[in-house]
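J.: let me see the structure of the following:
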Amino acid sequence: MWYGRADRGINSPPDLKGKRVLVKYPYAGSVSEIVGLESLRSYGLEPDRDYTALTFDDSKRAVKDLLEGRADAFIGTSAGGKLGAIEASKVDINFLSFKPEEVQYVLEKYPFMTAARVKPAGPIKEELVGLGHIAMYGTVKGVDEDIVYAFVKALAENVTEIHRVHPILPEYTKETLARPLPIEFHPGAIRYYREAGLWTAEIDETEKGHNEAVEAFRKRYAK
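T.: Got it, this is the predicted structure:
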């Protein structure tokens with residue numbers, strides 16, 4: 001979710017130009033940071049050129065900095081326990097939403113991101129449309145192919161079992177497990193997805209390194 005102080009004139013993502021934005025983490029590889037930076041780039045906003053990119057290491061502290069005026073906006077990927085602090089404060093905070101064409105622009109450029117709808121609750125008075133990242137299971141290349149194959153097969157063919165764990169999980173289906181990602185698929189996962197008929201030409205293109213967006217993403221965030 002994206003939060004902006006109303007008294008700084010922040011009503012939509014483009015209003016972050018010239019503002020102090022909590023978006024960076026002190027460690028490498030944060031997906032939340034990458035989503036935030038890349039989403040801002042979709043508006044032509046570059047860190048430290050068009051806005052001041054502030055670093056934070058704890059979302060609760062970030063909200064505190066926002067409410068106490070040390071930052072103008074905060075970009076996070078979930079509401080978590082932040083809404084209670086915002087609702088209890090006397091600071092007018094706007095929750096920023098994306099227009100459909102803006103979401104589409106980002107998704108076409110970065111297919112491993114995803115659109116997310118946030119329903120009204122607490123201080124959120126209307127449905128919001130945001131951007132996030134696809135949840136992924138990861139491993140290392142050295143793990144045996146048969147083990148990964150068995151794991152992915154069990155997950156895909158019993159996906160309804162995990163729907164009870166969290167309200168958002170019913171959005172995940174056998175079909176949505178296979179999609180372009182910012183990292184390579186393990187050979188065991190590829191074998192299962194091919195056998196199940198879930199492997200697509202789009203994923204194949206990404207895996208072969210022909211997807212320019214993914215290649216640019218990798219180069220920009222390679223450590």
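J.: mind listing what the residue in the chain sticking out farthest from the centre touches?
T.: If you look at how far each residue of the chain sits from its centre, by Cα atoms, centre = their mean, the farthest one is residue 146, at 30.0 Å. The contact partners of residue 146, by Cβ atoms under 8 Å, 6 or more residues apart in numbering, come to residue 188. The way it works is simple: take the backbone N, C-alpha and C, and place the C-beta from them, glycine included.
J.: all helices of this structure, in order?
T.: Applying DSSP state H to the chain gives helices spanning 31-41, 59-67, 82-88, 100-109, 145-157, 187-195, 201-207, 212-221.
J.: which parts of the longest one are buried?
T.: What it means is helix 145-157. Within helix 145-157, the residues scored as buried using 16 or more other Cβ atoms under 10 Å are 148-149, 151-153, 155-156.
J.: export these as a markdown table, with columns for pLDDT and distance to residue 90.
T.: Shown next, in a markdown table, are the buried residues of helix 145-157 (pLDDT from 0 to 100; distance: Cβ to Cβ, whole Å):
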| residue | pLDDT | distance to residue 90 |
| --- | --- | --- |
| 148 | 95 | 51 |
| 149 | 96 | 55 |
| 151 | 95 | 49 |
| 152 | 94 | 49 |
| 153 | 94 | 53 |
| 155 | 89 | 46 |
| 156 | 90 | 48 |
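J.: if we can go back for a sec, redo the helices of the chain as JSON lines? Include distance to residue 138.
T.: Shown next, in JSON lines, are those (distance: least, Cβ to Cβ, whole Å):
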{"stretch": "helix 31-41", "distance to residue 138": "11"}
{"stretch": "helix 59-67", "distance to residue 138": "22"}
{"stretch": "helix 82-88", "distance to residue 138": "26"}
{"stretch": "helix 100-109", "distance to residue 138": "22"}
{"stretch": "helix 145-157", "distance to residue 138": "11"}
{"stretch": "helix 187-195", "distance to residue 138": "11"}
{"stretch": "helix 201-207", "distance to residue 138": "16"}
{"stretch": "helix 212-221", "distance to residue 138": "15"}
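J.: can you tell which of the ones you listed is closest to residue 174?
T.: helix 145-157 (4.8 Å; Cβ to Cβ).
J.: give me the mean pLDDT for stretch 3-13.
T.: The average pLDDT within stretch 3-13 is 92.
J.: how close does the nearest residue to residue 187 once chain neighbours are set aside get to residue 199?
T.: What sits nearest to residue 187 in space, not counting adjacent residues and going by Cβ to Cβ, 6 or more residues apart in numbering, is residue 145, at 5.0 Å. Between residue 145 and residue 199 the computed distance is 15 Å (Cβ to Cβ, to the nearest Å).
J.: do residue 24 as well
T.: 35 Å.
J.: pLDDT below threshold where in the protein?
T.: 27-31, 77-85, 87-88, 111-112, 120, 133-134, 166-168, 182, 209-223 (pLDDT under 70).
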